[in-house]
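S.K.: kindly generate the corresponding structure for this input.
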Amino acid sequence: QVQLVESGGGLVQPGGSLRLSCTASEFTLDLYAIAWFRQAPGKEREGVSCVPSLDHSDLSTYYAASVKGRFTTSRDKSKNTVYLQMNTLKPEDTGVYYCNRPSVQVAWGQGTQVTVSS
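M.R.: Numbers count the residues shown, from 1 in each chain. From the prediction side, this is the model:
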């Protein structure tokens, strides 16, 4: 059974950094484009970034305008993991972060809570 697991969230002050991890069982992340999503309280889930599959690594990673220049997505093939490095965090980055395919999604994981607050 496919299972996505997000981790690395926490409480951080504005301007701080976090690195989120997305791992999977019964699912090889490298074969697919993988997106990071977030859902803020009272808001709909939104896409944050999308890294292409390794077969399409010549394509650019997509970043939402609100995070471009601050967030970076990367892969570690040996660990079947996708990372989201988040720098210069802002209070508006607060939310639950999820990873999944950008479309035709598999079952959602539990997400990881990111809270940016002083």
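S.K.: now the spatially most central residue of the chain: how far from residue 1?
M.R.: When Cα atoms, centre = their mean is applied to the chain, the residue found nearest the centroid is residue 36 (3.1 Å). For residue 36, the distance to residue 1 (Cβ to Cβ, to the nearest Å) stands at 22 Å. The C-beta positions use only the backbone N, C-alpha and C, and glycine is treated the same way.
S.K.: how about residue 50?
M.R.: 24 Å.
S.K.: more neighbours: which of the two?
M.R.: The neighbour comparison of residue 50 against residue 1 (other Cβ atoms under 10 Å) goes to residue 50, with 20 against 7.
S.K.: and the more buried one, what are its bridge partners?
M.R.: For residue 50, the beta-bridge partners are residue 35, residue 62 (DSSP bridges).
S.K.: so what's it up against?
M.R.: 33, 34, 35, 36, 61, 62, 73, 102 (Cβ atoms under 8 Å, 6 or more residues apart in numbering).
S.K.: let's go with 6 Å and repeat that
M.R.: 33, 35, 62, 102 (Cβ atoms under 6 Å, 6 or more residues apart in numbering).
S.K.: ranking these by neighbours, who comes first?
M.R.: residue 35 leads the contacts of residue 50 on contacts (other Cβ under 10 Å) with 22 neighbours.
S.K.: quick one: buried residues of the top strand by length along the chain?
M.R.: Determined from DSSP state E, the single longest strand within the chain is strand 18-25. Within strand 18-25, the residues scored as buried using 16 or more other Cβ atoms under 10 Å are 18, 20, 21, 22, 23, 24.
S.K.: from residue 105, how far out is the closest residue to residue 39 other than its chain neighbours?
M.R.: Nearest non-adjacent residue to residue 39, counting by Cβ to Cβ, 6 or more residues apart in numbering: residue 45, 4.3 Å away. Residue 45 sits 11 Å away from residue 105, going by Cβ to Cβ.
S.K.: please consider this matter closed, and thank you.
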